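Colleague: got a predicted model here, sequence first, then my questions.
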Amino acid sequence: MFARITGAAFRGILVAMLFAMPTLILPASATESPEIILFIALLGSALAFTEYYSHFPSFVEFRNAPPINRMRFAAAAATVGALSLLAAHPLAPTGLTALVQRLGGWLGGQLDFAYSPVKLTVLMMPTQVPEAVVLMVRDAAGLACAVAGTAIFFFGLVIRVGHWPVGSGAFNVWVNLPLFDPTTGGDVVQRLQRDGRVNITAGVLLPFALPATVQLASGLVDPGLLAAPHMLIWVISAWALVPASMIMRGMAMLRIAGLIAQKRRAACIDADEAMQTA
């Protein structure tokens with residue numbers, strides 16, 4: 001009980017720090033409504049504590065199948081932290097912000113090629129937006145894409161080399177996939193494979209589709225709002241991390257479907273051997 005409480009409290013504190021990170025890094029002049037940020041941080045912390053303290057799952061997937069959620073959180077923390085330092089450089093430059101700015105400039109330049117998500121993000125910016133803001137968006141998109149791609153790559157290694165989720169013990173579908181009902185909708189393996197492929201496909205297409213959608217809806221959505229530091233941090237982070245999380249979820253579901261199919265084949269072989277022995 002004590003371990004569960006402390007673990008849930010620690011996760012709640014980490015979630016609160018994630019939401020408060022831009023406010024802590026950016027100068028006070030760049031934060032207009034700190035009370036709203038404090039409320040969101042406390043709300044996120046309470047939700048994380050409630051989810052991990054409860055014995056019964058509600059909506060967080062892979063709760064007892066590390067390290068997928070830890071890698072997601074690490075990617076989110078790295079992205080939000082890096083973009084916060086990038087946005088803070090024009091306002092309060094330091095050696096660390098200058099380093100992040102140079103890294104973001106290099107990544108943004110390398111990934112700014114034809115038909116890339118970074119290029120589409122740059123093209124969605126209105127022509128009247130200053131060049132400095134466009135470069136900031138490009139560098140932020142480059143940083144976020146690099147972190148998201150790294151998270152996907154390392155999760156693939158965890159599946160391939162670490163034999164996830166077998167290395168973490170028995171995989172409980174009810175606890176780790178609370179929104180998935182294995183008793184309805186046909187064969188479990190086929191449903192997991194279908195959902196996994198849909199998640200991967202959507203995750204790959206979203207970074208391309210979202211900038212195009214914003215550009216088409218330019219009369220309703222103003223991309224120039226990305227000039228505000230907090231808006232830049234959270235919009236670009238969501239643009240990169242939500243598709244990455246969907247791809248990782250799809251990879252995980254395909255892996256689970258493969259394990260279930262493998263167990264079925266092993267059970268059939270054992271049954272055939274038992275019948276031949278009899």
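Modeller: Yep, it's here. Keep in mind the model is a prediction, meaning the values are calculated, not measured. Numbering: from 1, shown residues only.
Colleague: pLDDT below threshold where in the stretch 51-200 of the chain?
Modeller: 168-169 (pLDDT under 70).
Colleague: now the helices for it?
Modeller: 68-88, 95-111, 117-123, 131-160, 173-176, 188-216 (DSSP state H, counting those that start in this stretch).
Colleague: in JSON lines: those, plus mean neighbour count and distance to residue 257.
Modeller: Heads up, the C-betas are built off the backbone N, CA and C, glycines and all. Below are the helices of the stretch 51-200 of the chain laid out as JSON lines (neighbours: other CB atoms under 10 Å; distance: least, CB to CB, whole Å):
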{"stretch": "helix 68-88", "mean neighbour count": "21", "distance to residue 257": "15"}
{"stretch": "helix 95-111", "mean neighbour count": "17", "distance to residue 257": "32"}
{"stretch": "helix 117-123", "mean neighbour count": "21", "distance to residue 257": "28"}
{"stretch": "helix 131-160", "mean neighbour count": "20", "distance to residue 257": "12"}
{"stretch": "helix 173-176", "mean neighbour count": "16", "distance to residue 257": "11"}
{"stretch": "helix 188-216", "mean neighbour count": "17", "distance to residue 257": "4"}
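Colleague: right, so of the ones you listed, which gets closest to residue 182?
Modeller: Of all those, helix 188-216 sits nearest to residue 182, with 4.9 Å by CB to CB.
Colleague: so the closest one versus helix 131-160, what angle?
Modeller: 170 degrees (axes from the mean of the first three to the mean of the last three CA atoms, to 10 degrees).
Colleague: out of the helices of the stretch 51-200 of the chain, which is closest to residue 247?
Modeller: Nearest to residue 247, of all the helices of the stretch 51-200 of the chain, is helix 188-216, at 3.7 Å by CB to CB.
Colleague: from the middle of its chain, how far away would that closest one be?
Modeller: 14 Å (CA atoms, centre = their mean, to the nearest Å).
Colleague: for the helix or strand just after that helix, the averaged confidence score.
Modeller: Later in the chain than helix 188-216, the nearest helix or strand by DSSP states H and E is helix 229-277. Helix 229-277 carries an average pLDDT of 87.
Colleague: which helices and strands sit right next to helix 229-277?
Modeller: Applying 3 or more CB pairs under 8 Å, 6 or more residues apart in numbering; DSSP states H and E, we find helix 229-277 packed against helix 2-25, helix 68-88, helix 131-160, helix 188-216.
Colleague: rerun that using 6 Å as the cut-off
Modeller: Judged by 3 or more CB pairs under 6 Å, 6 or more residues apart in numbering; DSSP states H and E, the packing partners of helix 229-277 are helix 68-88, helix 131-160, helix 188-216.
Colleague: distance to residue 53 added to the helices of the stretch 51-200 of the chain, as TSV?
Modeller: Supplementary listing: the helices of the stretch 51-200 of the chain in TSV, determined by distance: least, CB to CB, whole Å:
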stretch	distance to residue 53
helix 68-88	15
helix 95-111	36
helix 117-123	38
helix 131-160	26
helix 173-176	14
helix 188-216	28
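Colleague: just send the helices and strands packed on helix 229-277 back as CSV, with distance to residue 36 too.
Modeller: As requested, those are exported to CSV (distance: least, CB to CB, whole Å):
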stretch, distance to residue 36
helix 68-88, 17
helix 131-160, 22
helix 188-216, 24
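Colleague: which stretch among these comes nearest residue 14?
Modeller: Per CB to CB, nearest to residue 14 of the helices and strands packed on helix 229-277: helix 68-88, 6.9 Å.
Colleague: what angle sits between the closest one and helix 95-111?
Modeller: Using the same axes, to 10 degrees: helix 68-88 against helix 95-111 is 100 degrees.
Colleague: got the angle for helix 68-88 vs helix 229-277?
Modeller: Interaxial angle, helix 68-88 versus helix 229-277 (the same axes, to 10 degrees): 160 degrees.
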